[in-house]
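> coords please:
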Amino acid sequence: MKQTMISSNVMSATPRGNHGHFKVRQIGFRNFEDIASPVLNIDHYTMTERTFQPHPHAGFSAITYMFEWSKAGLRNKDSKGDDSIIAPGDLHWTLAGSGIIHDEFPEKEGTPSEGIQLFVNLHPQHKLLDPKVYKLASQDAPRAKVNGVTVKVVTGKFGDLESPVKLPERFDFFDIEMLEDSELRINAFKNSGGIIYVIDGEATVSTETESKVAGGQYLAIRLFDADALITIKVKRNSKILYLRGEHDDAPLVSYGPFIMNNPNEIEKTIERYKAGKMGYL
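Numbers count the residues shown, from 1 in each chain. Model (predicted):
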């Protein structure tokens, strides 16, 4: 019988940088190999002061999503001229492509900003696209509400609902809130990989097998050449992220903030950066 999907073991996000002004739970792609491809990395962070200096990215998308309950937003600046506030509930999707320099720091120093930064790989044909920023205000995201479940469609499609954010590669980003004793069924699309991350609460995730995922834990699921139904059940109020994109089997080579498909592309990316072709900030 042909295999239709692979699921990882349930794993816990790793606490890192837990010092005063910056706390993070980290999910890195080395934990699940390529099962979650194109998802590369997730940082669930709380930040109260500037933590990072301006830095480059190339070959993937760097996404910031602020949780609805965050007490403040983030300010984003980049070398292509963007200067904006990412308010609670908003999405800021930076398709780095051939290379961009950006900087993010709390909108209000001393006030906690809570959200995720997500790294999503770009397929080989898109790694050298011109950088582009996609934005979505919280109030513009479609929402499905039924039987104690709210699905906020940040990107991608859920049933008849589709996010206004139009990306070059499909990526389903759902911010899900489930009340006690509720159930959600998601039709996951074929040839895809992704993560189910339980922010708070506890969920039972059913595919070909059943997994219990507690708050701060996640499960990676890879689908092959057929769509599949993923069922999520909770017994108590829970907050969950569902992240899924088009799988890519191309090899990856990373060097710091650059992710390409071979060493030669990394060398050319470094040359572009040193030559100032990613701009300045």
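> now do the strands in the stretch 101-250 of the chain.
Assigned by DSSP state E, counting those that start in this stretch, the strands in the stretch 101-250 of the chain fall at 113-121, 132-136, 143-146, 149-155, 157-158, 161-162, 171-178, 182-188, 192-200, 202-206, 210-214, 217-223, 228-234, 238-246.
> what's the first helix or strand after the last one?
Using DSSP states H and E, the helix or strand that follows strand 238-246 in sequence is strand 253-255.
> I'd say residue 236 and residue 201 touch.
Yes. In this structure residue 236 lies within contact range of residue 201 using Cβ atoms under 8 Å: 5.7 Å. C-beta here means a position set from N, CA and C on the backbone, and glycine is covered the same way.
> neighbour count winner among those two?
Taking other Cβ atoms under 10 Å, residue 236 and residue 201 do not tie; residue 201 has more neighbours (19 against 13).
> give me the phi and psi for the more buried one.
Dihedral angles of residue 201 (phi, psi; degrees, to the nearest 10) stand at phi 100, psi -150.
> these two touch, right, it and residue 239?
Yes. In this structure, residue 201 is within contact of residue 239 by Cβ under 8 Å, at 6.2 Å.
> what do the two both touch?
Shared contacts of residue 201 and residue 239, defined by Cβ atoms under 8 Å, 6 or more residues apart in numbering, are found at residue 178.
> the bottom helix or strand of the chain by mean pLDDT?
strand 14-19 (a mean of 75; mean pLDDT, DSSP states H and E).
> and the next element down the chain from that strand?
Downstream of strand 14-19, the next assigned helix or strand under DSSP H and E is strand 22-28.
> which helices and strands sit right next to that next one?
Where contact means 3 or more Cβ pairs under 8 Å, 6 or more residues apart in numbering; DSSP states H and E, strand 22-28 is packed against strand 14-19, strand 39-47.
> let's see it at 10 Å
Judged by 3 or more Cβ pairs under 10 Å, 6 or more residues apart in numbering; DSSP states H and E, strand 22-28 is in contact with strand 11-12, strand 14-19, strand 39-47, strand 113-121, strand 192-200, strand 217-223.
> for residue 130, which of these is the nearest?
strand 113-121 (17.2 Å; Cβ to Cβ).
> what inclination does that closest one have with respect to strand 238-246?
Counting by axes from the mean of the first three to the mean of the last three Cα atoms, to 10 degrees, strand 113-121 lies at 20 degrees to strand 238-246.
> got the contact list for residue 243?
The contact partners of residue 243, by Cβ atoms under 10 Å, 6 or more residues apart in numbering, come to 27, 36, 38-39, 42, 63, 65, 116, 118, 120, 154-156, 171-175, 193-197, 218, 220.
> repeat that for residue 251.
Neighbours of residue 251 in contact, by Cβ under 10 Å, 6+ apart: 34, 124, 260-262.
> likewise for residue 152?
Per Cβ under 10 Å, 6+ apart, neighbours of residue 152: 68, 89, 138, 141-145, 158, 161, 163, 173-177.
> and it, what are its bridge partners?
Going by DSSP bridges, residue 152 is paired in beta bridges with residue 143, residue 175.
> and it, how far from residue 136?
Separation of residue 152 from residue 136 (Cβ to Cβ, to the nearest Å): 10 Å.
> check residue 58 too.
Distance, residue 58 to residue 136, using Cβ to Cβ: 23 Å.
> please apply the same query to residue 226.
Applying Cβ to Cβ to residue 226 and residue 136 gives a distance of 30 Å.
> sounds good, over and out.
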